[in-house]
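[1] following is a predicted model, sequence given first.
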Amino acid sequence: MLRLFHTADWHLGHHLHGVSRQLEHQQFLDWLLDELQTKQADALIVAGDIFDSANPSSAAQSQLYDFLVKARTRLPNLNIILIGGNHDSASRLDAPSPILNALGVTVVGGLSLNAQGNIDWDRLLVPLTNAEGEIKAWCGAMPFLRNADLPTATRDDNGGSVISDIERLSEQDNDPLISGMKTLYAELFTQLQQKASNAESLILTGHCYMVNGAVSELSERKILGGNQHALPVELFPDDIAYVALGHLHLAQKVGANEHIRYSGSPIPLSFDETDYLHQLVQVDVRAGQPVETVAVKIPRSVQLLRIPNGKDFAVLSEVIGQLETLTLNDLPIGQRPLLELRIRLEKPEPGLRQQIEEVISKLPVRLLKISTAYSGSEKSLADLKIEERLEELQPLDVFQRCYQNKYDKDAPEAMNALFSELVESLQGTE
């Protein structure tokens, strides 16, 4: 048997409305080290979005490398695989890979080319060994794929266009992006088959958005031209024992497939994620048998509170009433709950913050955000106009609003996709 731990979307360096999450991440990493040792894990896969941004702080990078050193010290035989996500800079992740490889850590920030100008598939093929050093599985460590990674048409000796795999598949799928993804995964699968024996299982990774996946709008950056480019489960061949996915912060399986899973993020990265079960997935792999998966709950070190709970708004008197009934333990400042208030107003309230702070000053909490919505009437909540901050909007949201203001109509889907491709290309560079 091979025991694999699957996690993803760490987002080291994350700040929530200006508050650092470093303490929460450190407590998660310390807990993870203990779990890896207690459960006698053979391998750890982190399926993308290691960092929260393409230019992570020195503190975030130190947190990662400190964890890797401790993991290899405490578990010398542990296989560790890190892949790049859409929040990561592929080149920044790949830069220290020679040193990390020497430590037994495989990092695949993005696709790279060999001396012949072809994709270096060998770099993506990782043997996974058990405690006795026996190869029990092979992992195809596919990182987040950007549009520039997808196959394109080549030219023949006379300069004429030669139909490529992506174009040939497009005739069937009617979507070159999905076709290109299928082409790359099919080639990776072929490469894995050539490496593995019949007694060795095949595992894939991915950082992408799958059809019918449940997203968190406030913290998961839309990728691959927006969520209209959800990928089909047919991307993964039937012979794959397990697919370790990243990008969606809610732990979930893909459709009815128990072996294709998002592990979810280890901590809530927005107030919309407070009700998620944050976990990692323990995967027991045995050749020729379906994998066994166990959800391992991650303890939450800092509580996130939203009043009222859910996505509703409440009048000021009701919000204050709920605050006054809170029963909380007195904790050090860095461990106190983070709080968002959602208040419905009929008109501007100049003394709003002062009234709130008078109540908050008596409570061991940290107020991060006051969200307000105006109805202007006593009608239903459907009439609410919610105030938004620029930092809460995604680049595509801003683009669509600018287009709407200028042309008084929605931007065409093709233009939205081109804009997303431009943003994606910028995010992937230094």
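    Yes, it's here. The structure displayed is predicted, hence computed values, not measured ones. Residues are numbered from 1 along each chain as shown.
[2] make it CA atoms for all contacts and neighbour counts henceforth
    OK.
[3] pull out the buried residues from stretch 19-33.
    Neighbour counts using 16 or more other CA atoms under 10 Å place 21-22, 24-26, 28-29, 32-33 of stretch 19-33 among the buried residues.
[4] take these and keep only those in helices.
    22, 24-26, 28-29, 32-33 (DSSP state H).
[5] let me see the mean pLDDT of stretch 125-137.
    In this model, stretch 125-137 has a mean pLDDT of 93.
[6] how far does that stretch sit from its chain's centre?
    26 Å (CA atoms, centre = their mean, to the nearest Å).
[7] span of that stretch from start to end?
    End-to-end distance for stretch 125-137, by CA to CA, to the nearest Å: 10 Å.
[8] what residues does it touch?
    Applying CA atoms under 8 Å, 6 or more residues apart in numbering, the contact partners of stretch 125-137 are 1-3, 42-43, 77, 79, 106, 138-141, 191-192, 196, 199-203, 287.
[9] show the low-confidence segments of the stretch 51-200 of the chain, by residue range.
    152-174 (pLDDT under 70).
[10] and if we set it to 50?
    In the predicted model, the stretch 51-200 of the chain carries pLDDT under 50 at residues 153-172.
[11] quick one, helices of it?
    Ranges of helices within the stretch 51-200 of the chain are 58-74, 90-94, 97-102, 165-173, 176-195, based on DSSP state H, counting those that start in this stretch.
[12] what's the most buried one of those?
    By mean neighbour count, with neighbours taken as mean count of other CA atoms under 10 Å, helix 90-94 ranks first of the helices of the stretch 51-200 of the chain at a mean of 21.
[13] against which helices or strands is it packed?
    On a contact count with 3 or more CA pairs under 8 Å, 6 or more residues apart in numbering; DSSP states H and E, helix 90-94 meets strand 105-108.
[14] what about Leu4, which SS state?
    At Leu4 the chain is in strand, as set by DSSP: H, G, I helix; E, B strand; the rest coil.
[15] on that earlier part again, now the ones in helices among the buried residues of stretch 19-33 in JSON lines, with pLDDT and distance to Gln335?
    Putting these into JSON lines (pLDDT from 0 to 100; distance: CA to CA, whole Å) gives the following:
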{"residue": "Gln22", "pLDDT": "95", "distance to Gln335": "11"}
{"residue": "Glu24", "pLDDT": "96", "distance to Gln335": "9"}
{"residue": "His25", "pLDDT": "97", "distance to Gln335": "12"}
{"residue": "Gln26", "pLDDT": "97", "distance to Gln335": "12"}
{"residue": "Phe28", "pLDDT": "97", "distance to Gln335": "14"}
{"residue": "Leu29", "pLDDT": "98", "distance to Gln335": "16"}
{"residue": "Leu32", "pLDDT": "98", "distance to Gln335": "19"}
{"residue": "Leu33", "pLDDT": "97", "distance to Gln335": "21"}
